[in-house]
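Chemist: next one to model:
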Amino acid sequence: MVPCCSKDTVHTLLSTQSASQMALIAVLSFLHELSKLGLGCDMEVELRTLQLPVDYREAKQRVTRIWEDLQPQLAVHVGVDTSAKAIFLEQCGKNRGYWDADIRGFRPKAGVCLPGGSDMIVSQVSMKAVCRRVAVEDVEVAFSRDAGRYVCDYTYYLSLHHGNGYAALIHVPPLSRGFPASLLGKALQVIIREMLEERKPKREAWFMENSASMIPAQEN
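Modeler: Reported below is the predicted structural model:
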């Protein structure tokens, strides 16, 4: 997607809790559906999507570059949980407990995402509020405070750290007859739009506070 300087950007980062072929197909399907749908022409936001590998080190490098170079308004991580029967909105990312190896056999040292970092970072987006307001036909949307301990949660914690809490993680079920790509793609669009609406007052307050501090003092 071509960058548009007149709009804020939302980066959607897709990864999976499983290295299976079916999970990878699901990720590519969501990527296609989200790219096709966008967020709607009424949103002054550009949606960009990026697939993250099931690789701690590579995913860490990509997430860090996104925040340092592009500074998105919000980073939304979308992970496929092969055991899920609903869509889960994850409120927080955890720093410890990453003992499972990635597709390359790598494990973070001591199971820690960011040495010296806080044990948990809570998203600035209220996932409970989003769950209450969002309505998606034929799929349940639920709140969660435990995203597991794998690459999805690992990169989510990093995004929360680099983005000062302006990140979100959505866990979706695998593709099936009950959960086709078209349904889950539409559900993600609705949820991400609601996340942007939910955090808008906080963003406007931040902008007003920082704008006031940048106004030069008038000379007498």
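Chemist: quick one: the strands in the chain, in order.
Modeler: 8-16, 45-51, 74-80, 87-90, 92-94, 120-122, 141-144, 167-172 (DSSP state E).
Chemist: can you redo these as a markdown table with distance to residue 188?
Modeler: C-beta here means a position set from N, CA and C on the backbone, and glycine is covered the same way. Output for those, formatted as a markdown table (distance: least, Cβ to Cβ, whole Å):
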| stretch | distance to residue 188 |
| --- | --- |
| strand 8-16 | 8 |
| strand 45-51 | 10 |
| strand 74-80 | 6 |
| strand 87-90 | 8 |
| strand 92-94 | 19 |
| strand 120-122 | 22 |
| strand 141-144 | 11 |
| strand 167-172 | 7 |
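Chemist: a markdown table for those, including mean neighbour count?
Modeler: A markdown table is the format used below for the strands of the chain (neighbours: other Cβ atoms under 10 Å):
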| stretch | mean neighbour count |
| --- | --- |
| strand 8-16 | 23 |
| strand 45-51 | 18 |
| strand 74-80 | 26 |
| strand 87-90 | 24 |
| strand 92-94 | 23 |
| strand 120-122 | 17 |
| strand 141-144 | 17 |
| strand 167-172 | 27 |
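Chemist: out of the ones you listed, flag the one nearest residue 130.
Modeler: strand 87-90 (5.9 Å; Cβ to Cβ).
Chemist: ok, residues contacting the closest one?
Modeler: The set of residues external to strand 87-90 that reach it, using Cβ atoms under 8 Å, 6 or more residues apart in numbering, is 81, 123, 127, 130-131, 136, 139-147, 153, 156, 168-173, 184, 187, 191.
Chemist: kindly recompute the last result at 7 Å.
Modeler: With Cβ atoms under 7 Å, 6 or more residues apart in numbering as the test, strand 87-90 has contacts from 127, 130-131, 139-144, 147, 156, 169-172, 187.
Chemist: go through those residues and say which is closest to residue 71.
Modeler: Nearest member of these to residue 71, counting by Cβ to Cβ, is residue 156, at 17.7 Å.
Chemist: burial count for the closest one?
Modeler: 29 (other Cβ atoms under 10 Å).
Chemist: ok, it to residue 178 distance?
Modeler: 26 Å (Cβ to Cβ, to the nearest Å).
Chemist: okay, the strands of the chain in JSON lines with mean pLDDT and distance to residue 63 next?
Modeler: Converted to JSON lines, the strands of the chain look like this (pLDDT from 0 to 100; distance: least, Cβ to Cβ, whole Å):
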{"stretch": "strand 8-16", "mean pLDDT": "59", "distance to residue 63": "7"}
{"stretch": "strand 45-51", "mean pLDDT": "72", "distance to residue 63": "9"}
{"stretch": "strand 74-80", "mean pLDDT": "86", "distance to residue 63": "8"}
{"stretch": "strand 87-90", "mean pLDDT": "95", "distance to residue 63": "15"}
{"stretch": "strand 92-94", "mean pLDDT": "97", "distance to residue 63": "11"}
{"stretch": "strand 120-122", "mean pLDDT": "97", "distance to residue 63": "13"}
{"stretch": "strand 141-144", "mean pLDDT": "94", "distance to residue 63": "20"}
{"stretch": "strand 167-172", "mean pLDDT": "92", "distance to residue 63": "9"}
